[in-house]
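J.: Attaching a predicted model along with its sequence, questions to come.
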Amino acid sequence: MSDGPAKMSRADLVALVRERGRPISPQVTPYVVQVEEGRRYRWCSCGLSQTQPWCDGSHGGTGFEPIAFEAPLSAEFHMCGCKRSDNKPFCFGNCRGHHRVRES
């Protein structure tokens, strides 16, 4: 595993995600994308998609499913790249230590 996730086979990556119970983080910055009002999107929640931040079906066998959403307006959106956002599928800055304060 010294070569890291980029050098692992798809089967090994799926097994890794399934065993860890958490996704691969393809990048630690958001994906800045243009979305169209009313269009439905499927955000990759496993981190294995080759079409980040969108799902390409690579989640099969991982236990993860894409998160579907409909764009409320046409605009530039910041989609989570680390897969750890408290506000999935949108970037909340978790990879940079900006966690949401939870009230008791």
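T.: Sure, I can see it.

J.: what's the offset of the helix or strand of the chain with the lowest mean pLDDT from the middle of its chain?
T.: Of all helical and strand segments in the chain, the minimum by mean pLDDT, DSSP states H and E falls on helix 10-20, at a mean of 91. Centroid separation for helix 10-20 versus its chain: 15 Å, with Cα atoms, centre = their mean, to the nearest Å.

J.: buried sites along it?
T.: 13-14, 16-17 (16 or more other Cβ atoms under 10 Å). All C-beta spots, glycine's among them, are computed from the backbone N, C-alpha and C.

J.: In those residues, find the pair that's most separated.
T.: The span of these, defined through Cβ to Cβ, is set by Val14 and Leu16 at 7.3 Å.

J.: Which stretches in the chain count as strands?
T.: In the chain, the strands defined using DSSP state E lie at 31-35, 40-43, 67-70, 75-79.

J.: show me what contacts Lys83?
T.: Contacts for Lys83 were tallied using Cβ atoms under 8 Å, 6 or more residues apart in numbering; they are 22-26, 44-47.

J.: Try it again at 10 Å.
T.: Lys83 makes contacts with 17, 22-27, 43-47, 52-53, 64, 89, 94-95, as judged by Cβ atoms under 10 Å, 6 or more residues apart in numbering.

J.: Would you mind giving the strands of the chain as a markdown table with mean pLDDT added?
T.: Formatted as a markdown table, the strands of the chain follow (pLDDT from 0 to 100):
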| stretch | mean pLDDT |
| --- | --- |
| strand 31-35 | 97 |
| strand 40-43 | 98 |
| strand 67-70 | 96 |
| strand 75-79 | 96 |
